[in-house]
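Q: take a look and give me a structure for this.
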Amino acid sequence: NLMPAAAVRMANSKALDENEPKNKIEIFIPTPDDMEDIGGILSVGSTGGDVILLDGDLGAGKTCFSRGFIRGRTGRYDERVTSPTYLLSNSYDVDGGSTKLYHMDLYRLSGSENDLLPLNLENVFTTGISLIEWPSRLNKKPAERL
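A: The predicted structure is shown next:
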């Protein structure tokens, strides 16, 4: 079962506005296990203030990536990691509890400020490590993000 994605491609382009990335990388990931492995690899060295936006169609592998990232960063390799579609956000302690890793799924939100207020994103983006599924629901994206 192949993950839907394009062949490896990197394009430099002028961003349409300051909230859009100037560089975009698309990578073909063959299996869900490979997607988890990539998440685990990218978790190494992550620190508070790191924000990763996960965009893609339903079934693209956003939660697989997050599962690998969370397991790798927490060191709990049997941790049950599911998409927080109905909870909106799950958090995990890392660095002995001094840092929070947030996994958010914004799919059900409209993107209005009222929808986003309970998530306390300003604090989350500056102090925690953030994995955000469906970032198109954010009305303002952090300038520094992956």
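Q: buried residues in stretch 86-106, which are they?
A: Along stretch 86-106, these residues count as buried under the neighbour rule (16 or more other CB atoms under 10 Å): 88-90, 92, 94, 99-106. Just so you know, the C-beta spots here come from the backbone N, C-alpha and C atoms, and that holds for glycine as well.
Q: no wait, stretch 34-46
A: Buried residues in stretch 34-46 (16+ other CB under 10 Å): Asp34, Met35, Glu36, Asp37, Ile38, Gly39, Gly40, Leu42, Ser43, Ser46.
Q: one more: stretch 53-66?
A: In stretch 53-66, counting by 16+ other CB under 10 Å, buried: Leu53, Leu54, Ala60, Gly61, Lys62, Thr63, Cys64, Phe65, Ser66.
Q: which two among those are spaced furthest apart?
A: Spatially, the most separated pair among those is Leu53 and Cys64, at 15.8 Å (CB to CB).
Q: can you lay out the buried residues of stretch 86-106 as a markdown table showing pLDDT and secondary structure?
A: Shown next, in a markdown table, are those (pLDDT from 0 to 100; DSSP: H, G, I helix; E, B strand; the rest coil):
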| residue | pLDDT | secondary structure |
| --- | --- | --- |
| Leu88 | 89 | coil |
| Ser89 | 89 | strand |
| Asn90 | 93 | strand |
| Tyr92 | 95 | strand |
| Val94 | 93 | strand |
| Thr99 | 94 | strand |
| Lys100 | 95 | strand |
| Leu101 | 95 | strand |
| Tyr102 | 95 | strand |
| His103 | 95 | strand |
| Met104 | 91 | strand |
| Asp105 | 91 | strand |
| Leu106 | 90 | coil |
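Q: distance to Gly72 for those - can I get that in a markdown table?
A: Below are these laid out as a markdown table (distance: CB to CB, whole Å):
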| residue | distance to Gly72 |
| --- | --- |
| Leu88 | 23 |
| Ser89 | 19 |
| Asn90 | 16 |
| Tyr92 | 11 |
| Val94 | 10 |
| Thr99 | 14 |
| Lys100 | 16 |
| Leu101 | 10 |
| Tyr102 | 16 |
| His103 | 13 |
| Met104 | 18 |
| Asp105 | 19 |
| Leu106 | 23 |
